[in-house]
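[1] just to be clear, the model below is a prediction. Sequence and coordinates:
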Amino acid sequence: MGGQRCTDLVKKFSFLGAETARQWDPQIAAIYYDQIVHHGEHHTQAVYACATHLLDRICTILKEDRTYELRDVDGTPMTAKQTRQIIAARYKVPKEVRQGNNQRMRRVR
């Protein structure tokens, strides 16, 4: 398998993993929210920022030979149901912000 093809696959699957992680992991959701709301990034850029953090976390977990745990931003372990509730309450990006960050609106700015 060629080097470029491997790189493309890593990018693809890290993006897909980050897209899922931002919906289930409050720590990743907080990064996504910050990128969209405070930095004005669009969805794809924000997910790539999440992917970087997710890959760092995966490397750490593999090195330490432990399982992936869902935790709040303060480090408190949580259940999947609790994390979904926290993400819905704290990290839902307002529709106006999301629309303001789309490509058409960014061109206008």
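    Arrived safely. Residues are numbered from 1 along each chain as shown.

[2] CA atoms of the one helix or strand Ala30 maps to as CSV?
    Using DSSP states H and E, Ala30 falls within helix 26-33. C-alpha atoms of helix 26-33 as CSV (Å, rounded to 0.1, in the frame of the first residue of the first chain):
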residue,chain,number,x,y,z
PRO,A,26,-18.0,15.7,26.2
GLN,A,27,-14.3,16.5,26.0
ILE,A,28,-14.3,16.2,22.2
ALA,A,29,-17.7,18.0,22.0
ALA,A,30,-16.2,20.9,24.0
ILE,A,31,-13.3,21.2,21.5
TYR,A,32,-15.8,21.1,18.6
TYR,A,33,-18.0,23.8,20.3
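
[3] let's check: the centremost residue of this protein is which one?
    The residue lying closest to the centre of the chain (Cα atoms, centre = their mean) is Cys50, at 3.4 Å.

[4] show me the contacts for that residue.
    With contact set as Cβ atoms under 8 Å, 6 or more residues apart in numbering, Cys50 has these partners: Ala18, Glu19, Ala21, Arg22, Ile28, Ile31, Tyr32, Gln35. All C-beta spots, glycine's among them, are computed from the backbone N, C-alpha and C.
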